[in-house]
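Undergrad: could you work out the structure for the sequence below:
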Amino acid sequence: MKTVSRPDRTLPGDIDLPRSPAEVLAIVLENAAPLGVEHVALHRAPGRTLAHAATAPEDQPPFAAATMDGFAVIADDGSPWREILADQMAGHVIDVEVTPGTAVRITTGAPMPPGADAVVPVEETDVSEDHVIIGGDPARPGQYIRLPGADARRGDTVVSAGSLLGPAELGLVAGVGLVPVPVSRRPRVTIIATGDELVEPGTVPGPGQIRDSNRFSLLAAARAEGADVRWVGHAPDDAAPLAALLRDRIAADDIVITSGGVSMGERDLVKALLPGLATVHLRRVSMRPGKPFTFATAAVADPGTETGERTTLIFGLPGNPVSALAGFELFIRPAIATMLGRIGWERPRVTVTLGHQIPSGDRTDYPRAIVTVGPDASLSATTTGGQASSRLASWLGANALLVLPPREHPYAAGERIDALLLGPPPGAG
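TA: The predicted structure is shown next:
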C-alpha cells in the first residue's frame, strides 16, 4: 500500500486557530469509519468487537429443562410415595411418561419427560429402593423448570453488533452457534516518539536527556481500547528520516500517533512536515492540558477496500505526558471506538460537587480527579494533587476528568460541575 500522490491538501483557513474540544472531536469522528469485518475462532474473540448481531437460530433453550437435581413429577399428584420409573440425564432423552404415582429422577439441564410439570429438589425427598417419598411444601406447576424460549426466542438478538465481547457476550455468541465469530477489524496503529532528548527507559540519561515514557503510556492506552499496535519507536529530530518514517507508517497503518514535535519551536518538525504528507485539519485545541494538538488525514491506496482507498488518521500529540494522555482520551479513544463500530463507548458524564477551589482559565480545563459516592448517593470530587502537564502521577488513581469551561473567576468548593468518569467511583453499588 502507498500514500496516494496529491498536492498539499491542507484545508483553507487558519488551522492554528484554537478549536473547542467539541469541535475537534466532531472533526475527528467525521473522518473515522469502521474498517470492515474479519472472522475469528471463539478462543480468539475475547476483547474483540462483534461486527454483526448474534441472533438465536432456535428457541433458547429448545426444550423444557430442569433447573435443579431432583425428581420430575406431576404437581397435583397426591400420592404419598411414587415409583421411580427411570433416570433422565442431561444430554439424553428417555422414552418414559410420568403418570400419577410415578416420578423420574432428573438432573439439572435435562429435558423434562412427558407428563411431568414440576421438579422436586432432591433435598426435599426420601428415596427407598425404587420409590421416592415427596416431602416439604406441595409442588407447584412449573416449579424448577426452564421453559422453551425462556432465554431467547428464535430470531431474537442476544448480542448487539458493536458489543465488546466479554465473558457473558462470548458465552451467548457460542450458545447461538455464531462461529467463526464476525468481529470488526482492529485499527492498525503506529506510535512515534520524537525528540533527541529522549533515551530508552533502560538507559541512564545524559545531560539534558530524559527517559521516554510517552510511547509506552500510549501503547498501553491504545491496546486497552482494542487497537492493533503494529509499530512503536523513536524518531530523531531530523527532517528527512522523520518524513520518510511518517510516509511509511501512514501507508502501512490506519492511525499514526506522534508524541512531541507539534508545538511552536523550531525543532517541532512534525508540525512542519505534515502539510506535505497529509491534509492538516487543525493544530490547536482550546483545552488544558494539551493545547498543541494536530489532526490530519491522508488518503492511502488499498485494493482491499471497495473504493481502492482508505483514510489514515494522524494525531500529533504534545510531548508532555499528561497532555498526550488527555489528547488520547478525548480524541483518539473515540476514533478507535468508531473505527471498531463499537457501541456504548462514551464516558459517563455526571454532575459532581467540588471538594475544594480550582483556578479557572481561558481554556476548557480537564483536571484529573477522584470522584466518590456519599452516603446519600451524591458524587463529590477532589483533584489528584498538582495538575502540571508534566506530572504523570496526577493520572494515578484518577477515575474522572473534571470539565471546567473557561471563565474569569475560580471554581469554588461546593460548586456543582460536570465530570467524565474514567472508572466507577468508590462506593458505587
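Undergrad: now the helices for the stretch 1-150 of the chain?
TA: Assigned by DSSP state H, counting those that start in this stretch, the helices in the stretch 1-150 of the chain fall at 21-30.
Undergrad: quick one: the strands in it?
TA: 2-3, 37-40, 54-55, 65-66, 70-73, 81-88, 102-106, 118-121, 125-128, 131-134, 145-146 (DSSP state E, counting those that start in this stretch).
Undergrad: redo these as a markdown table? Include distance to Asp238.
TA: C-betas here are computed from N, CA, C, even on glycine. Shown next, in a markdown table, are the strands of the stretch 1-150 of the chain (distance: least, Cβ to Cβ, whole Å):
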| stretch | distance to Asp238 |
| --- | --- |
| strand 2-3 | 20 |
| strand 37-40 | 38 |
| strand 54-55 | 51 |
| strand 65-66 | 69 |
| strand 70-73 | 77 |
| strand 81-88 | 76 |
| strand 102-106 | 76 |
| strand 118-121 | 76 |
| strand 125-128 | 83 |
| strand 131-134 | 85 |
| strand 145-146 | 68 |
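Undergrad: among those strands, which is nearest Val373?
TA: Nearest to Val373 among those is strand 54-55; the distance by Cβ to Cβ comes to 34.3 Å.
Undergrad: wait, Thr294 touches Gly316, no?
TA: Yes: between Thr294 and Gly316 a contact is recorded at 3.2 Å, counting by Cβ atoms under 8 Å.
Undergrad: so what sits against both of the two?
TA: Residues touching both Thr294 and Gly316 (Cβ atoms under 8 Å, 6 or more residues apart in numbering): Val262, Val270, Lys271, Leu274, Arg283.
Undergrad: report the two of the residues you listed separated the most.
TA: Val270 and Arg283 (10.3 Å).
Undergrad: roughly how far apart are the nearest residue to His409 once chain neighbours are set aside and Ala413?
TA: With sequence-adjacent residues excluded and distances taken as Cβ to Cβ, 6 or more residues apart in numbering, His409 is closest to Ser360, at 6.3 Å. Distance of Ser360 to Ala413, computed by Cβ to Cβ, to the nearest Å: 14 Å.
Undergrad: which of the helices or strands spans Val256?
TA: Per DSSP states H and E, Val256 falls inside strand 255-259.
Undergrad: could I have the CA atoms of that strand written out in PDB?
TA: Only the C-alpha atoms of strand 255-259 are listed here, as PDB (Å, rounded to 0.1, in the frame of the first residue of the first chain):
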ATOM      1  CA  ILE A 255      -3.700   5.500  12.800                       C
ATOM      2  CA  VAL A 256      -0.400   7.200  13.300                       C
ATOM      3  CA  ILE A 257       0.200   8.800  16.700                       C
ATOM      4  CA  THR A 258       3.200  11.100  17.300                       C
ATOM      5  CA  SER A 259       4.300  12.400  20.600                       C
END
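Undergrad: what lies in contact with it?
TA: Outside strand 255-259, the residues touching it (Cβ under 8 Å, 6+ apart) are 187-194, 214-215, 218, 222, 227, 246, 249-250, 270, 312-319, 324, 328, 332, 335-336, 339.
Undergrad: equivalent analysis for stretch 415-427, please.
TA: With Cβ under 8 Å, 6+ apart, stretch 415-427 has contacts from 329, 347-354, 366, 369-374, 379, 381, 398-404, 411.
Undergrad: filter these to the buried ones?
TA: Neighbour-count burial (16 or more other Cβ atoms under 10 Å) applied to these gives 329, 347, 352, 354, 366, 369-372, 379, 381, 398-404, 411.
Undergrad: buried sites along the lengthiest helix in the chain?
TA: Ranked by residue count, the top helix of the chain under DSSP state H comes out as helix 239-252. Using 16+ other Cβ under 10 Å as the test for burial, helix 239-252 gives Leu242, Ala243, Leu245, Leu246, Arg247, Arg249, Ile250, Ala251, Ala252.
Undergrad: likewise for stretch 91-107?
TA: Buried, per 16+ other Cβ under 10 Å, within stretch 91-107: Ile94, Val96, Val98, Thr102, Ala103, Val104, Arg105, Ile106, Thr107.
Undergrad: what bridges to the closest residue to Val403 other than its chain neighbours?
TA: Nearest residue to Val403, sequence neighbours excluded (Cβ to Cβ, 6+ apart): Asp418, at 4.3 Å. Beta bridges link Asp418 to Thr351, Val403, judged by DSSP bridges.
Undergrad: rewinding a little: which of Ser360 and Ala413 has more residues huddled nearby?
TA: Set Ser360 next to Ala413 and count neighbours by other Cβ atoms under 10 Å: Ser360 wins out with 15 against 12.
Undergrad: show me the contacts for that one.
TA: So Ser360 contacts Leu404, Pro406, Arg407, Glu408, His409, Pro410, Tyr411 (Cβ under 8 Å, 6+ apart).
Undergrad: repeat the analysis, applying 6 Å as the threshold.
TA: Arg407, Pro410, Tyr411 (Cβ atoms under 6 Å, 6 or more residues apart in numbering).
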